[in-house]
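# next one to model:
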Amino acid sequence: MLRSSQEFQDLTIRAFCGNIQHLVTPEARQKVVPEGLYDALIKVVDLLQKLDNLKDMKACLNNDFSRYKRAFGSIRADLPDGDALSEEIHHLQLFLGNPEHPKQLLFYNLRDALKRIPSHEEVICEMIEQCVGFLEEENYLVPDEKYRLIRSVPHLMLLADGEADIPKSFNIFKNKLVNVPRLQKLFKRYPYIPEIGDMSIKMTFILARAPHYDEVSMDAYWGGDSNDNMVAQHYLLSKLWKVRIYEDEATAKALYRFST
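As a prediction, this is how the structure comes out:
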């Protein structure tokens, strides 16, 4: 399973970057990019970030890999290809727990590969605009499609943002290709979003990984200081009276206040 995940990562990053490489060519820039292509790339970004979080949070992967290494160590001398298997285990170990990037390794690898493609930021910004446009026009059918678009926006911003220590690098927060007030409005409306199952994720937690993001000075503008009313909108118990059947609304709200 772990080897399959590593191979999937390599193939996915290669395919994603191949499409971006094609889209940045002068010929492609003169044509209208189909919405379906951007939508497919957005799905890839969302899938990779989900796999990244699952890989980081699931202790079973580390436990199973530790058993595998112990079992291999006891029989390595008897195997004709023991050295080759040892090298493979080393690569799997770096994939599972790279000391340089212990968290979000998949997304780091994707970002690192993208940075080798000149002008990739233009394509990523167009993908961001499509996400925001679809959300504003409610161009989705089911909640998962809606939240995929929302989750993808901060991750796409992370992919486009350049290194803070490089002069004149691409700053996603101060570039004319990005409508910053439009994005801030989205972040303030959805400070928390569902991730996988019962997991939720804070939008500014993703954004804080961007090199040009300054949490102290920028958090308030991107929904990081959510007030009580905003928190209540994402708190299940505050909606409980709406899903229970009562004789009247006043009774429902009174029982809710008593229960909390």
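
# contacts for the helix or strand where Ile150 lies next, please.
For Ile150, the element it lies in under DSSP states H and E is helix 143-160. Residues outside helix 143-160 that contact it (C-beta atoms under 8 Å, 6 or more residues apart in numbering) are 42-43, 45-46, 49, 107, 110-111, 114, 120-121, 124-125, 127-128, 131-132, 134-135, 140, 170, 172, 178, 183, 186-187, 190, 193-195, 201, 203, 206-207, 209-210. The C-beta positions use only the backbone N, C-alpha and C, and glycine is treated the same way.

# C-terminal to that helix, what's the next element?
According to DSSP H and E, the helix or strand after helix 143-160 is helix 180-189.

# in that following helix, what counts as buried?
For helix 180-189, the neighbour count (16 or more other C-beta atoms under 10 Å) marks Leu183, Gln184, Leu186, Phe187, Lys188 as buried.

# the last one contacts Ala220, doesn't it?
To tie it back to what came earlier, the one meant is Lys188. No. Here Lys188 does not reach Ala220: they are 9.7 Å apart, not a contact under C-beta atoms under 8 Å.

# shared neighbours of the two, which are they?
Contacts common to Lys188 and Ala220, judged by C-beta under 8 Å, 6+ apart, are absent.

# number of residues surrounding Val123?
25 (other C-beta atoms under 10 Å).

# would you mind stating the distance between the nearest residue to it once chain neighbours are set aside and Met203?
Excluding its sequence neighbours, the residue lying closest to Val123 (C-beta to C-beta, 6 or more residues apart in numbering) is Leu23, at 4.7 Å. Counting by C-beta to C-beta, to the nearest Å, the gap between Leu23 and Met203 amounts to 26 Å.

# low-confidence bits of the stretch 151-260 of the chain, can you list those?
Scanning the stretch 151-260 of the chain for pLDDT under 70 picks out 225-260.

# what's around Ser22, how many residues?
You called it Ser, but residue 22 is His. 12.

# poorly predicted segments of the stretch 1-150 of the chain, please.
1-2, 60-62, 65, 68, 72, 76-78, 82-83, 85, 94, 99.

# hmm, back to that, what's the PyMOL syntax to select whichever of the contacts of helix 143-160 are buried?
Restricted to buried positions by 16+ other C-beta under 10 Å, the PyMOL selection for these reads:
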select buried, resi 42+45+46+49+107+110+111+114+120+121+124+125+127+128+131+132+134+135+170+172+178+183+186+187+190+193+195+201+203+206+207+209+210
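
# in strands, which of the contacts of helix 143-160 appear?
Ile193, Pro194, Ile201 (DSSP state E).

# turn the residues you listed into JSON lines, columns for distance to Ala160.
Listed next are these as JSON lines, based on distance: C-beta to C-beta, whole Å:
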{"residue": "Ile193", "distance to Ala160": "20"}
{"residue": "Pro194", "distance to Ala160": "24"}
{"residue": "Ile201", "distance to Ala160": "19"}
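
# ok, those residues vs Ser5, which is closest?
Ile201 (20.4 Å; C-beta to C-beta).

# contacting residues for the residue lying closest to that closest one once chain neighbours are set aside?
Nearest residue to Ile201, sequence neighbours excluded (C-beta to C-beta, 6+ apart): Glu195, at 4.5 Å. By C-beta under 8 Å, 6+ apart, the residues touching Glu195 are Lys50, Asn53, Arg151, Ile201.

# what's around Ile196, how many residues?
Count around Ile196 with other C-beta under 10 Å applied: 13.

# so it touches Lys50, yeah?
Yes. Assessed by C-beta under 8 Å, Ile196 is found in contact with Lys50 at 5.7 Å.

# returning to what we had before: what's the distance between the residue nearest to Ile201 and Tyr147?
Counting by C-beta to C-beta - Glu195 and Tyr147 are separated by 9 Å.

# no further questions, thank you.
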